[in-house]
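# no sequence on hand, only this structure:
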RNA sequence: GUGAGCGUAGCUCAGCGGUAGAGCUCCGGACUGUGGCUCCGGUGGUCGCGGGUUCAAAUCCCGUCGCUCACCCCA
């Protein structure tokens, strides 16, 4: 065995056995987006490498070691979509969609590529369901997209998710917070883990995020980002909370959440689910008011989120959301051939049925009649149209109701009409 | 990038130094043209790949690729 080729590490094939789950979640997401007035945008899988370096920040983990970057044949550097927001903002700027203060409400379902070590809920290619609202300063729009996501979770029957909300301030107030953090940790930093010692210099916010038990103790009483917001950020944050309360969206204020990408400002949030293990973040997002300018555009506010479809599916499987049963529409008619001579007429009958919108299947592997009946049952066929020596002679087809086992003979000339009528009746019964 | 566990039929797994097995699936038969139950039979594996130790390796050792989980990071 040992096939020569396998799907690349960290990627997966979505086989027919499970693809219906994907479709169902995607359909729910599209429907919720439609309700909220978000329209789909599709951007290329490839972007100029610079887009991510500029937008996401060259000091970030994502840019420094996780991007799939390569030169194309002309030598320019391209990168597989490493995250969802920068390409959308690029597109909005490129086509001037946010000109004259037009609010753009956009959504996407798109593959994301990151070179990481695969793990439960972490892949090198994953799919993000994302939403971006570009051109509204908030805070109502901030609350709106969190509400949108909650509605989406309700729609797919996922319970137990918790939304965490914070504000990471703006370029005005963040430096003072970092100073406060450094001052607080200065006396104890030597006792903390190696990672935190490094973070102390590069990004002290991350110390708040560390899970090392000793560090968790040491950061007891550390300053909170929320205590260092400037007046504008404070007001914005209060506005988001008020809007969420008004919409009855549950959330927890959690000042420890941190964003890994440089473009985030103010509102930051993530939704976690306890059934997931180490990778428990189902959705993450926030405001990125400085991004458009970083990409060379006019000052344009924005906020959005990304949600990992693969993780959602993992949670749905474990937490048992509704949608756990496939709604595969059963096959209307299986056309069985009892003899070699009947195979061609059976093939043609199936063709005619399909053209009258009846779903029909035939055997293509010359199996025995018995095997064909088995196959019909396996496919969930409601009716079997049987063609054999006798039927060909009598110019008729035998129709078997697979549930009751009743059979009757129908003239070949009326067969298509008859089978179509029976199938339509079945369809109604099913509703 | 670091660490641990694991890679045997389509699937789930047993075998752990003597030349490969079970259950399910699939195919066929009992039922000479008819499914879902039962019984009988059959197909199917270079035991991830490469190297080493040994008279002998799926079994031991090394390497490599992959999977899983955790760290890191993130969706």
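Sure thing, it's come through. Owing to the predicted nature of the structure, the values given are computational and were not obtained by experimental measurement. Residues are numbered from 1 along each chain as shown, chains lettered A, B, ... in the order given.
# could you say which helix or strand holds the nearest residue to residue A:363 once chain neighbours are set aside?
Spatial nearest neighbour of residue A:363, chain neighbours left out: residue A:372 (4.9 Å); criterion: C-beta to C-beta, 6 or more residues apart in numbering. All C-beta spots, glycine's among them, are computed from the backbone N, C-alpha and C. Secondary structure here is read from DSSP states H and E; on that basis residue A:372 sits in helix A:369-378.
# helix or strand right after that helix?
Past helix A:369-378, the next helix or strand by DSSP H and E is strand A:383-387.
# check whether that next one comes near RNA strand B.
Yes: for strand A:383-387 and RNA strand B, the contact criterion (C-beta under 7 Å from any atom of the strand) is met by A:384, A:386.
# run the angle between that strand and helix A:369-378 for me.
160 degrees (axes from the mean of the first three to the mean of the last three C-alpha atoms, to 10 degrees).
# now do strand A:383-387, average pLDDT.
On average, the pLDDT along strand A:383-387 is 95.
# so which bits of the next helix-or-strand element following it are buried?
Sequence-wise, the next helix or strand downstream of strand A:383-387 (DSSP H and E) is helix A:389-394. Neighbour-count burial for helix A:389-394, counted by 16 or more other C-beta atoms under 10 Å, picks out A:391, A:392.
# follow-up on the earlier one: which neighbouring elements make contact with the helix holding residue A:372?
Applying 3 or more C-beta pairs under 8 Å, 6 or more residues apart in numbering; DSSP states H and E, we find helix A:369-378 packed against strand A:333-337.
# in the stretch 251-400 of chain A, what residue is nearest RNA strand B?
residue A:260 (1.5 Å; C-beta to the nearest atom of the strand).
# and that residue, helix, strand or coil?
Three-state call for residue A:260 (DSSP: H, G, I helix; E, B strand; the rest coil): coil.
# list the contacts of it.
A:60, A:61, A:62 (C-beta atoms under 8 Å, 6 or more residues apart in numbering).
# now, which of the residues you listed sits nearest residue A:36?
Closest to residue A:36 out of the contacts of residue A:260 is residue A:62 (27.9 Å), distances taken as C-beta to C-beta.
# quick one, helices of the stretch 51-200 of chain A?
If DSSP state H, counting those that start in this stretch is used as the criterion, the helices of the stretch 51-200 of chain A fall at A:61-65, A:85-94, A:140-155, A:174-185, A:194-202.
# and the spatially closest residue to residue A:426 that is not a sequence neighbour, how many residues sit next to it?
Residue nearest to residue A:426 in three dimensions, not counting chain neighbours: residue A:382, with 5.1 Å by C-beta to C-beta, 6+ apart. By the measure other C-beta atoms under 10 Å, the count of residues near residue A:382 is 23.
# remind me which residues of the stretch 201-350 of chain A are low pLDDT?
A:211-213, A:320-329 (pLDDT under 70).
# and the strands in it?
A:252-253, A:265-272, A:281-287, A:302-308, A:333-337 (DSSP state E, counting those that start in this stretch).
# reformat these as JSON lines; add mean neighbour count.
Below are these laid out as JSON lines (neighbours: other C-beta atoms under 10 Å):
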{"stretch": "strand A:252-253", "mean neighbour count": "12"}
{"stretch": "strand A:265-272", "mean neighbour count": "24"}
{"stretch": "strand A:281-287", "mean neighbour count": "24"}
{"stretch": "strand A:302-308", "mean neighbour count": "24"}
{"stretch": "strand A:333-337", "mean neighbour count": "28"}
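# can you put those strands in TSV and add distance to RNA strand B?
Listed next are the strands of the stretch 201-350 of chain A as TSV, based on distance: least, C-beta to the nearest atom of the strand, whole Å:
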stretch	distance to RNA strand B
strand A:252-253	16
strand A:265-272	6
strand A:281-287	3
strand A:302-308	3
strand A:333-337	8
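# my guess is the residue nearest to residue A:426 meets residue A:399, correct?
No: using C-beta atoms under 8 Å, residue A:382 is not in contact with residue A:399; the gap is 10.5 Å.
# shared neighbours, those two?
residue A:422.
# list the contacts for whichever residue of the stretch 51-200 of chain A sits closest to RNA strand B?
Taking C-beta to the nearest atom of the strand, RNA strand B has its nearest neighbour within the stretch 51-200 of chain A at residue A:120, 2.8 Å off. Contacts for residue A:120 (C-beta under 8 Å, 6+ apart) come out as A:276, A:277, A:278, A:279, A:314.
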